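Asks: how would this look folded up:
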Amino acid sequence: FAVSCPVHESFRVQQVCGMFDVPLAHRHQHLFTVELPAAEESWDIGLIVGPSGSGKSTVAREAWGAAVGRAIRWPTQRAVIDCFGKTSTRQIVATLTAVGFSSPPDWIKPYRALSTGQQMRCDLARTLLTAHAKQSARRDRPTAVFDEFTSVVDRNVARACSTAVAKTIRSGRLACRFVAVTCHYDVAEWLEADWVLDMATGQLTRRRLRRPQLELAIYRCDLAAWRLFARHHYLSGRLNRSAQCYLGLWRSEPTVFCATLQLIGQRRRRRFTRIVTLPDYQGMGLGMRMVEGVAELYRQRGERVNVTSSHPALMGHCQ
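Replies: Predicted structure coming up:
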């Protein structure tokens with residue numbers, strides 16, 4: 001297909017054309033020849049990647065039109081949880097959690113008060129819910145297309161967000177396909193894309209990429225480590241002095257914290273009193289792997305440990 005735009009002639013336009021021998025025409029036109037998977041093919045996640053100016057967004061708009069997420073306007077005087085239209089609160093919470101934004105204290109903030117990574121996850125959640133809502137009116141699965149995917153966040157956030165959205169789409173919790181459009185090649189394996197269109201070469205590759213293995217190192221730590229995580233806990237920043245604390249490191253970076261307390265009157269029974277994953281790493285499953293790892297340590301010592309929570313991510317994992 002071909003795309004074109006008008007060339008508005010002016011004195012400076014003529015100067016530039018003369019300086020660099022650019023032919024002056026009434027319209028500027030560019031021809032794209034690319035292959036994309038057909039609608040009837042079986043796939044869940046796709047990726048269009050390439051350098052800036054290579055035509056990624058143009059190809060996505062030509063292929064999926066209105067499905068390509070536009071810049072989303074968020075009210076400045078409302079909590080983000082109130083900005084999803086008629087969607088049920090349960091579905092909103094589930095989707096925010098699914099894309100790795102699982103912090104209830106931040107759900108009640110306005111969009112402008114969130115970090116850049118949290119804002120991107122909110123945009124992603126709205127894009128996915130918009131596509132999901134179209135399912136009832138169509139026989140085929142609609143496609144959600146997110147342009148500039150992870151372009152405004154650091155690469156750890158990009159990996160975490162890619163992992164979270166891949167898990168969500170493949171689980172079937174949202175009835176849609178997902179296509180990411182980005183200039184960052186590093187998200188391909190974390191998304192586990194079924195196909196990748198590289199606009200630098202024009203080549204379409206059909207294959208299910210495999211996510212790198214996640215290795216979480218768990219260490220016993222003292223109460224001081226809690227300071228890094230305290231403000232991200234959704235109930236209280238306080239921690240009992242008698243708690244046994246554990247710190248989880250991914251790629252040598254602190255990512256997860258948990259602590260347990262002994263149950264009153266029961267020497268060999270404990271309970272988790274704090275479980276916190278830093279916002280940048282939410283959605284990767286590190287928190288529950290941490291809980292399982294620490295619980296296994298207690299089991300090996302002949303002790304049992306309980307967990308009680310109202311958090312939707314933890315409840316969903318236990319179910």
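Asks: in what helix or strand does residue 299 lie?
Replies: helix 286-300 (DSSP states H and E).
Asks: Run through the neighbouring helices and strands of the helix or strand just after that helix.
Replies: Sequence-wise, the next helix or strand downstream of helix 286-300 (DSSP H and E) is strand 304-306. On a contact count with 3 or more C-beta pairs under 8 Å, 6 or more residues apart in numbering; DSSP states H and E, strand 304-306 meets strand 269-277, helix 286-300. From N, CA and C alone the C-beta is placed, and that goes for glycine too.
Asks: those helices in the stretch 151-300 of the chain, which residues are they?
Replies: In the stretch 151-300 of the chain, the helices defined using DSSP state H, counting those that start in this stretch lie at 155-171, 188-191, 286-300.
Asks: So what touches stretch 196-211?
Replies: 33-37, 46-51, 54-56, 59, 163, 166, 188-195 (C-beta atoms under 8 Å, 6 or more residues apart in numbering).
Asks: Buried among those? Make that a ChimeraX selection.
Replies: To isolate the buried subset of these in ChimeraX, counting by 16 or more other C-beta atoms under 10 Å, use the following:
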select :34,36,37,46,47,48,49,50,54,55,56,59,163,166,188,189,190,191,192,193,194,195
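Asks: Mind checking which of the contacts of stretch 196-211 are in strands?
Replies: Counting by DSSP state E, the contacts of stretch 196-211 place 46-49, 195 in strands.
Asks: how about JSON lines for those residues, with pLDDT and distance to residue 227 added?
Replies: Shown next, in JSON lines, are the ones in strands among the contacts of stretch 196-211 (pLDDT from 0 to 100; distance: C-beta to C-beta, whole Å):
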{"residue": "46", "pLDDT": "95", "distance to residue 227": "42"}
{"residue": "47", "pLDDT": "96", "distance to residue 227": "38"}
{"residue": "48", "pLDDT": "95", "distance to residue 227": "42"}
{"residue": "49", "pLDDT": "95", "distance to residue 227": "39"}
{"residue": "195", "pLDDT": "94", "distance to residue 227": "45"}
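Asks: so which pair among the residues you listed is furthest apart in space?
Replies: Largest separation among the ones in strands among the contacts of stretch 196-211 by C-beta to C-beta: 49 and 195, giving 11.1 Å.
Asks: what touches both of those two?
Replies: Joint contacts of residue 49 and residue 195 (C-beta under 8 Å, 6+ apart) do not exist.
Asks: okay, the angle between the one helix or strand residue 62 maps to and strand 45-49?
Replies: Secondary structure from DSSP H and E places residue 62 in helix 56-64. Angle between the axes of helix 56-64 and strand 45-49 is 140 degrees (criterion: axes from the mean of the first three to the mean of the last three C-alpha atoms, to 10 degrees).
Asks: Name the residues of helix 56-64 that come out as buried.
Replies: Residues of helix 56-64 classed as buried by neighbour count (16+ other C-beta under 10 Å): 56-64.
Asks: Dump these to TSV, plus distance to residue 116 and pLDDT.
Replies: Converted to TSV, the buried residues of helix 56-64 look like this (distance: C-beta to C-beta, whole Å; pLDDT from 0 to 100):
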residue	distance to residue 116	pLDDT
56	21	90
57	20	87
58	25	86
59	26	88
60	22	89
61	24	87
62	29	86
63	28	86
64	26	87
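Asks: got JSON lines for those residues, with distance to residue 97 too?
Replies: Output for these, formatted as JSON lines (distance: C-beta to C-beta, whole Å):
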{"residue": "56", "distance to residue 97": "29"}
{"residue": "57", "distance to residue 97": "29"}
{"residue": "58", "distance to residue 97": "33"}
{"residue": "59", "distance to residue 97": "31"}
{"residue": "60", "distance to residue 97": "27"}
{"residue": "61", "distance to residue 97": "30"}
{"residue": "62", "distance to residue 97": "33"}
{"residue": "63", "distance to residue 97": "30"}
{"residue": "64", "distance to residue 97": "26"}
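Asks: Perfect, that will be all.
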